[in-house]
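Novice: Predicted coordinates and the sequence they were generated for:
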Amino acid sequence: MENLNLEGSAKTPTVNFNSADGTLELTGRSIPENSIEFYKPLNDWIDAYGANPKPSTIVDVKMEYFNTSSSKCILDLFKQLESLNNGETEVNVNWYYEEDDEDMAEAGEDYDAIISLPFKMIEVEEI
């Protein structure tokens with residue numbers, strides 16, 4: 001299975017989904033013109049990955065900002081990953097947020113409350 005690597009821009013996050021080692025990383029900002037269109041290849045990749053996932057899947061989210069439509073798309077990604085966390089693979093989420101960014105810390109806590117995946121909140125100096 002091919003990896004999914006998308007270069008980030010001022011409006012879209014960098015995406016590095018690696019099927020060989022089971023690491024999925026989203027980094028940067030997510031304010032695309034059409035969030036559903038941007039996130040569709042990510043959803044499709046996770047669907048394909050779910051057919052043969054690694055025993056351990058690590059999701060690193062290092063977002064500095066995302067808009068409301070992106071937040072729904074990110075929730076959908078987590079829901080897909082939640083369905084994989086059924087014995088096929090153990091999915092763990094690392095939610096990185098800057099020490100002074102209460103909004104991103106709260107967003108991670110909100111996802112943690114909604115999704116049945118282990119969330120690790122990681123405070124960093126800078127993303």
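Specialist: Perfect, I can see it now.

Novice: C-alpha only now, for contacts and for neighbours.
Specialist: Noted.

Novice: so I127 touches D100, yeah?
Specialist: No. The pair I127 / D100 is not scored as a contact, 11.4 Å apart, by Cα atoms under 8 Å.

Novice: so where's the longest helix in this structure?
Specialist: helix 68-84 (DSSP state H).

Novice: C-terminal to it, what's the next element?
Specialist: strand 90-98 (DSSP states H and E).

Novice: ok, and what's touching that following strand?
Specialist: 55-64, 81-82, 84-85, 104-105, 108, 117-127 (Cα atoms under 8 Å, 6 or more residues apart in numbering).

Novice: Which of the residues in the next helix or strand after that strand are classified as buried?
Specialist: Counting by DSSP H and E, the next helix or strand C-terminal to strand 90-98 is helix 102-114. Within helix 102-114, the residues scored as buried using 16 or more other Cα atoms under 10 Å are 104-105, 108, 111-112.

Novice: cool, stretch 56-74 as well?
Specialist: Buried, per 16+ other Cα under 10 Å, within stretch 56-74: 57-66, 70-71, 73-74.

Novice: coming back round to it: out of the contacts of strand 90-98, which are inside helices?
Specialist: Counted as lying in helices by DSSP H, out of those, are 81-82, 84, 104-105, 108.

Novice: Closest to N18 out of those residues?
Specialist: Using Cα to Cα, L81 comes nearest to N18 of the ones in helices among the contacts of strand 90-98, at 14.3 Å.

Novice: excluding its backbone neighbours, what's nearest the closest one?
Specialist: V91 (7.0 Å; Cα to Cα, 6 or more residues apart in numbering).
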